[in-house]
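1. Build me a model:
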Amino acid sequence: MANLAEIYKFPVSQDEPACNQVVRHEHKDGGYVKADIENGYDRLAQKLTDTLANPPVKLSAREYQIIFAVIGKTFRWQKKADWITNTQLSDLTGIDSTNIGKIIKGLVSKKVLIRDGKNTGINPVVSDWVEIETSQKQLKTSQKRLVKSDSKTSQKRLADSSKTTKKLVENDCHIRKETNTKDNNKKSTKKSPLELFDFSLWPQMPSPQIFDDWVAMRKAKKASLSQTVINTFGNQLTIAFDNGISVDDCLSECITRNWQGFKYNWIANSNQNSYAPSHFSQRQNGNVGDQLAALQQSVAHIPTPHDDEVL
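-> Residues are numbered from 1 along each chain as shown. Down below sits the predicted model:
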């Protein structure tokens, strides 16, 4: 069987240059097609074809399609580069035109394709073809330098921030210490009621413990303590003291009975029922004995009547 090749020629537009025309080869299923230089050939450098056979960079099938399509649009027409549209490359390769730009960008980054303005061509300096990973390594190296530099800057900022924070903490502690000292001084300089009021009308000064308990009782009953109250108590305490009752006993009775005020009559009446201080009772008992002795002396001259005598 003779080798046959079918070539379909489409009508050529008179306005479009021949180099920009796209020849579509459609192969019927089961048909026999043979490439023959009589139908045309491309002049390619052997180094280029050898490099494409074993490229120093990784090339995908789609990238190979774009490379050979660019060769067909440039070297075939004795051009190093030409303005090739994505639509033309899509028609030659069958790749969707929306993906052409991405593939070309990858080949340009690998330096397999070169661009001069709008023109695209094959880079004949095959030693310049480089893997994208090399560029990525350079990018990573630059990023490491940036990170290292930024790390030093961050550490410096952190150190400065730590110093500033330490100063702020020290200043805050100093301020708190001064505030606490001032508060303590205020507390220590605050006078107690025994030092604040005049007790000249009282017959004697009370013991601090009983007086504090009496003041606490009044505060619990929301009864204020003033100089007027102190003077009023002083008059009644003097009467009680003259009758043998000490100031501590009077205040203790007020605490026990929750008395806000005080009068000697109150404690005198309570003595008849339950209140009997030891020294007060002894004095009262002594007065009764003296009265009995005086009465006996006054009736000593009166004769004692017998049972059979009538006074």
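
2. Report the secondary structure state of Ile114.
-> Judged by DSSP: H, G, I helix; E, B strand; the rest coil, the three-state class of Ile114 is strand.

3. unless I'm mixing things up, it is touching Leu107, no?
-> No: proximity of Ile114 to Leu107 does not meet the contact threshold set by CB atoms under 8 Å, at 9.5 Å. The C-beta positions use only the backbone N, C-alpha and C, and glycine is treated the same way.

4. the more surrounded of the two?
-> The neighbour comparison of Ile114 against Leu107 (other CB atoms under 10 Å) goes to Leu107, with 24 against 17.

5. can you pull the contacts of that one?
-> Taking CB atoms under 8 Å, 6 or more residues apart in numbering, we find Leu107 in contact with 63, 66-67, 113.

6. Ala45 now?
-> Going by CB under 8 Å, 6+ apart, Ala45 touches Pro124.

7. Make sure Lys79 is indeed in a helix.
-> No: applying three-state DSSP, one finds Lys79 to be coil, outside a helix.

8. Residue numbering should commence at 2 henceforth.
-> Got it, first residue is 2 now, which makes that one Lys80.

9. Isn't it up against Gly122?
-> Yes: using CB under 8 Å, Lys80 makes contact with Gly122 at a distance of 7.4 Å.

10. The two: which is more packed in?
-> Shown here are Lys80 and Gly122; by other CB under 10 Å, Gly122 has more neighbours (19 against 12).

11. How many neighbouring residues does the nearest residue to that one once chain neighbours are set aside have?
-> In space, and not counting its chain neighbours, Gly122 is closest to Ala82: 3.0 Å by CB to CB, 6 or more residues apart in numbering. Using other CB under 10 Å as the criterion, Ala82 is surrounded by 19 other residues.

12. Show residues contacting stretch 232-239.
-> Residues outside stretch 232-239 that contact it (CB under 8 Å, 6+ apart): 200-204, 248, 251, 262-265.

13. how about it as CSV, C-alpha atoms only?
-> Taking Å, rounded to 0.1, in the frame of the first residue of the first chain, the C-alpha atoms of stretch 232-239 are listed here in CSV:
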residue,chain,number,x,y,z
ASN,A,232,-20.9,66.3,128.0
THR,A,233,-24.4,64.9,128.6
PHE,A,234,-23.0,61.6,129.7
GLY,A,235,-20.5,63.4,131.9
ASN,A,236,-23.2,65.0,134.0
GLN,A,237,-25.0,61.7,134.7
LEU,A,238,-21.7,59.8,135.1
THR,A,239,-20.7,62.3,137.8
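
14. Secondary structure class of Val230, three-state.
-> Following three-state DSSP, Val230 is assigned to helix.

15. That one: neighbour count?
-> When neighbours are defined as other CB under 10 Å, Val230 has 16 of them.

16. Could you do the one 4 residues further on as well?
-> Other residues within reach of Phe234, judged by other CB under 10 Å, total 22.

17. host element of it?
-> helix 228-243 (DSSP states H and E).

18. and Asp117, what are its bridge partners?
-> According to DSSP bridges, the residues that bridge with Asp117 are Asn120.

19. per-residue pLDDT, Thr142?
-> At Thr142, the pLDDT value in this model is 68.

20. thinking again about what came up before, would you mark the buried spots in the helix holding Phe234?
-> Using 16 or more other CB atoms under 10 Å as the test for burial, helix 228-243 gives 230-231, 234-235, 237-242.

21. ok, so what distance separates Val113 from Ile123?
-> In this view, Val113 and Ile123 are 7 Å apart by CB to CB, to the nearest Å.

22. Those two - which one has more neighbours?
-> Per other CB under 10 Å, whichever of Val113 and Ile123 has more neighbours is Val113, with 25 against 21.

23. May I have the helix or strand that contains Thr257 as CSV, with CA atoms only?
-> In the assignment (DSSP H and E), Thr257 maps to helix 248-258. Output of helix 248-258 as CSV, limited to C-alpha atoms (Å, rounded to 0.1, in the frame of the first residue of the first chain):
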residue,chain,number,x,y,z
VAL,A,248,-17.6,55.1,134.7
ASP,A,249,-16.6,51.6,133.4
ASP,A,250,-19.6,50.1,135.2
CYS,A,251,-21.9,52.7,133.7
LEU,A,252,-20.6,52.1,130.2
SER,A,253,-20.7,48.4,130.7
GLU,A,254,-24.4,48.6,131.7
CYS,A,255,-25.1,50.7,128.6
ILE,A,256,-23.4,48.1,126.4
THR,A,257,-25.3,45.2,128.1
ARG,A,258,-28.7,46.9,127.8
